[in-house]
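S.K.: Any chance you could fold what I've pasted below:
(2 chains)
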2 protein chains.
Amino acid sequence: MATKKKNAFYAQSGGVTAVINASACGVIQTARANKDKIGKVYAGLNGIIGALTEDLIDTSKESAAAIAAYKLKSLEANRREYERLIEVFKAHDIGYFFYNGGGDSADTCYKVSQLSEAMGYPIQAIHVPKTVDNDLPITDCCPGFGSVAKYVAVSALEASFDVRSMAKTSTKVFVLEVMGRHAGWIAAAGGLIEDHGIPVVVLFPEIEFDEAKFLARVDALVKKHGYVTVVVSEGCHYPDGKFLAEQGTKDAFGHAQLGGAAPVVANMVKKAHGYKFHWAVADYLQRAARHVASKTDVKQAYELGAAAVKLALKGHNAVMPTVDRISDKPYKYRIGMAQLSKVANVEKFMPRDFITADGFGITEKCKRYLLPLIQGEDYPKYAGGVPVYQTLKNVPVPKKLAGFELK
Amino acid sequence: MATKKKNAFYAQSGGVTAVINASACGVIQTARANKDKIGKVYAGLNGIIGALTEDLIDTSKESAAAIAAYKLKSLEANRREYERLIEVFKAHDIGYFFYNGGGDSADTCYKVSQLSEAMGYPIQAIHVPKTVDNDLPITDCCPGFGSVAKYVAVSALEASFDVRSMAKTSTKVFVLEVMGRHAGWIAAAGGLIEDHGIPVVVLFPEIEFDEAKFLARVDALVKKHGYVTVVVSEGCHYPDGKFLAEQGTKDAFGHAQLGGAAPVVANMVKKAHGYKFHWAVADYLQRAARHVASKTDVKQAYELGAAAVKLALKGHNAVMPTVDRISDKPYKYRIGMAQLSKVANVEKFMPRDFITADGFGITEKCKRYLLPLIQGEDYPKYAGGVPVYQTLKNVPVPKKLAGFELK
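M.R.: Model (predicted):
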């Protein structure tokens, strides 16, 4: 290691968000602005797998990056992979590891930092927060969440106006299923439409599902307003932990069928009250919806990517830049820093006081939290009627090590 | 009927579209610009029901209208309703009937014209085309379709990039279910993403579903590209007419479950090839998605509303303004006119030469047809992070007749 100027490795982990490339852009642009200290920024083909197989991409040939996922589990079970990672970093003179993801990748990032130290090739490992689930601790919010929250609020509002306009003679119950296996942040965004006059019931993973209470609430709202919108989290479950989506439905051949929570909820209401229903499952549409991204979210995603590089340049290791909220209205925040030891494998759930006493809605406190995050529109460029999204050149970096077999 | 200046009645029928209020606006503004010939424009509360119950809304107090649905079936079965309609029109000095909807409402409109003539109170009945299904004959396209086509193309593209980025280690098959019970126009819009490098299979209602051929096609595309996106129409069915969505799935209690086509298709692929899948059902989200409306569609919706009033002023009856395409590129069209006798109850399906020989994609000819319709963005205003949609005052018109019992 004769050079003082080290290269950097950047990878993304886990699912896509609408603003994931804004963070990559923040990392790469900030690194480029500090060429005296950081050499090249390498990205891994297929995320961290690329570091294992030494399939590095030279981002100096790119304007942005969009790379995917691979999880390294525990250090014990994956020691071979962790060691390989550090060998590849060493071979390519990589001294900075920027890992963009959620809780699992924060953990990986933390372990890379620890092990590299132990292996005598210390790497500054910085985690860049990113998860639509918004479940990382310490940071006020996570890039990707504001945009999916905006998508859910906009979509639920539009569909609710649709239902309202025809409720007298047609559909009275509309059910929208959203992501969030453990935390109800995304479902909470559906609760925002209440302030636009829509009767809405939100089903959170944090609240054990009570069928009788739910059916009574739906019935009361339909009787009062003529219709109701239900926003159900995919993680909504019964007291025994069984997900609503696992209702023991079987196909014609008797095989258990993987269905969504939305059709289960809709059919439940139909059976109890006879109301005509429609249901939608947004699935990937919600997290990939760059066309309706939150401007606030795009801005923060970039800022956190840039902040990660600045933290590295200041000599920090095993840390994550955070959004620290100063005030709700006007919305003010600063970029802070958290120790990865306190981030790794900690999930942040909806606080109980963000959910109404009956468990079916969001409180004013929750609305004050959510509203700033969905503010502003940041439209992509369009060509031919659809958004233009950058495609990479993926220029490979010549390999220096022997091959590595992925298990 | 001493006055020469008659009032007009406007109603919307059937489902919501992203641009439905642009047509209402076209009708009302054009009527207002011709105050010497057309008096007030009344709208019906809950669509044509409002004309039966005499719940008329005075749109002179409004800037736009968003009213819902009620279908009048055959003249024979509904003679009582048709006659009541004409009595209400007579009582309120209504000489113009503008009905905004799809095939069924074109038929109603036509019958109102015929019966009013027979009853000695002739009404000029003009149909304003509107259907996301795009299945009206004669007109080149229908307001509402361009926007849902844009929504489907944008959403399928975004979700496909999501899948592509993670296909090596995660989801390989993404299934998006779209509307279109009989005609595959909406599904066809999903085929547009092929030109953006996405391997896509489209399942149309016009093509009988062949499971073995479909599974082979999906497998070939996954083997070649690493992933595939499937866009399935809700109307996709087997040769015997059974919808894919009716797979005989039963819930834990043995009740037939109403599921979507998307989970059925996704599970079918999983069972045959073992590929990890995700699926989405857009349902109302697609047709209500004003936030990503096509500018071309918004423009045509307005123009057809305005044209309907102009046709009435020229003395036409039992007609519908149409979009007559002159050229694909540059896209040129003129507003034409069709006789309702030729529109009523005729469904326009995808021509066979719009679908590829193998039945799983769209042809260049189809792309040339679709592309102009999704061009241009027409963003709504936003406040608080979500679009601002106009809410009506719904100022009622005093009743003049005895009550009428809806059956």
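S.K.: how about the helix-or-strand element of chain A with minimal mean pLDDT against chain B, any contact?
M.R.: Lowest by mean pLDDT, DSSP states H and E among the helices and strands of chain A is helix A:49-52, with a mean of 75. Yes. Judged by CB under 8 Å from any CB of the partner chain, helix A:49-52 and chain B are in contact via residue A:49. From N, CA and C alone the C-beta is placed, and that goes for glycine too.
S.K.: so what secondary structure elements neighbour that helix?
M.R.: Helices and strands touching helix A:49-52, as assessed by 3 or more CB pairs under 8 Å, 6 or more residues apart in numbering or on different chains; DSSP states H and E, comprise strand A:6-12, strand A:38-44, helix A:79-91.
S.K.: And those: which comes nearest residue B:379?
M.R.: Nearest to residue B:379, of all the helices and strands packed on helix A:49-52, is strand A:6-12, at 29.2 Å by CB to CB.
S.K.: Now find how far off-centre that closest one is within its chain.
M.R.: 21 Å (CA atoms, centre = their mean, to the nearest Å).
S.K.: Excluding its own residues, what touches it? List them.
M.R.: Strand A:6-12 is touched from outside by A:20, A:24, A:27-28, A:31, A:38-44, A:47-48, A:50-51, A:56, A:59, A:65-69, A:89, A:92-101, A:130, A:309, A:312, with contacts defined as CB atoms under 8 Å, 6 or more residues apart in numbering or on different chains.
S.K.: same thing but at 7 Å, please
M.R.: Under the contact criterion CB atoms under 7 Å, 6 or more residues apart in numbering or on different chains, strand A:6-12 has outside partners A:20, A:24, A:27, A:31, A:38-44, A:47-48, A:51, A:65, A:67-69, A:89, A:92-101.
S.K.: Within the sheet, what are the partner strands of that strand, with directions?
M.R.: Using DSSP bridges, strand A:6-12 pairs in its sheet with strand A:38-44 (parallel), strand A:94-101 (parallel).
S.K.: For the next helix or strand after the last one, buried residues please.
M.R.: Per DSSP states H and E, the first helix or strand lying C-terminal to strand A:94-101 is helix A:103-118. Neighbour counts using 16 or more other CB atoms under 10 Å in any protein chain shown place A:103-116 of helix A:103-118 among the buried residues.
S.K.: ditto for stretch A:335-349
M.R.: Quick answer for stretch A:335-349 (16+ other CB under 10 Å): A:335, A:337, A:338, A:340, A:343, A:344, A:348.
S.K.: which residues touch the residue nearest to the second one when sequence neighbours are not counted?
M.R.: Read that as residue A:337. Among residues not flanking residue A:337 along the chain, residue A:319 sits closest, at 5.2 Å (CB to CB, 6 or more residues apart in numbering or on different chains). For residue A:319, the contact set (CB under 7 Å, 6+ apart) comprises A:126, A:311, A:337, A:338, A:339, A:340.
S.K.: Just the ones in strands from the residues you listed, please.
M.R.: Among these, DSSP state E puts A:126, A:337, A:338, A:339 in strands.
S.K.: and which of the residues you listed is nearest to chain B?
M.R.: Nearest to chain B out of the ones in strands among the contacts of residue A:319 is residue A:126 (CB to the nearest CB; 21.9 Å).
S.K.: wait, isn't that closest one in contact with residue A:313?
M.R.: No. Here residue A:126 does not reach residue A:313: they are 10.1 Å apart, not a contact under CB atoms under 7 Å.
S.K.: neighbour-wise, which of the two wins?
M.R.: The residue with more neighbours, out of residue A:126 and residue A:313, is residue A:126; 29 against 15, by other CB atoms under 10 Å in any protein chain shown.
S.K.: one step back: next one: the residue nearest to residue A:337 from residue A:85, what distance?
M.R.: Separation of residue A:319 from residue A:85 (CB to CB, to the nearest Å): 19 Å.
S.K.: Could you do residue A:340 as well?
M.R.: On the measure of CB to CB, residue A:340 and residue A:85 end up 16 Å apart.
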